[in-house]
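Engineer: Generate a structure from the sequence data that follows.
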Amino acid sequence: MIRNFHTPDLDPVLNIWLLASTQAHHFIPSTFWHEQLEAMRDIYLPSATTRVFEADGAVAGFCSVYGDTLAALFVAPARQGGGIGRQLLADVMLARSTLQLTVYSANAPAIRFYEAQGFVVLGEQLDEHTGHLEKVMRWVAEPTERALHKQPSTPK
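Structural biologist: Residues are numbered from 1 along each chain as shown. Predicted coordinates:
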């Protein structure tokens, strides 16, 4: 079940983020991720809209969106490959007509995942925090999907 993030979800979300980040980004020292934990808890999560995937009473994954930017999409390593990430992303895409994200260029599985969901690479840039290259990707809803995303206009 996908639902809005609640305060009791904080520790499970942070744990998923840390475990999945160190696993997926093996090319970055794990100490970097541990050093970012406080900022994730105090700055990034509070400033974003976060949805969680709950299975068997536990948080199994989450996604965070800031404006039209997909800031985070992480699934517990033990639950990866079961469609949770696709479901979380589909949930976000229903509420927007465009999304942008960055993903490390060395994270080929994530790039393939996003391309399979309709994202295209716009370019590449250097991540100022790690010094690693990252791809900038964007998804735009098809015209028929965009009509579904529009709010009904108010009568004049």
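
Engineer: wait, what's in contact with residue 66?
Structural biologist: Listed by Cβ atoms under 8 Å, 6 or more residues apart in numbering, the contact partners of residue 66 are 47, 48, 49. C-betas here are computed from N, CA, C, even on glycine.

Engineer: Show me what the closest residue to the last one other than its chain neighbours is bridged to.
Structural biologist: Using Cβ to Cβ, 6 or more residues apart in numbering and skipping the chain neighbours, the partner closest in space to residue 49 is residue 65 (5.1 Å). Here residue 65 sits in beta bridges with residue 49, residue 70, as judged by DSSP bridges.

Engineer: Show the contacting residues for residue 65.
Structural biologist: 48, 49, 50, 71, 92, 96, 99.

Engineer: Got the phi and psi for the first one?
Structural biologist: Backbone geometry at residue 48, expressed as degrees, to the nearest 10, gives phi -110, psi 160.

Engineer: I'd like to know how many residues surround it.
Structural biologist: Taking other Cβ atoms under 10 Å as the criterion, the count of residues near residue 48 is 17.
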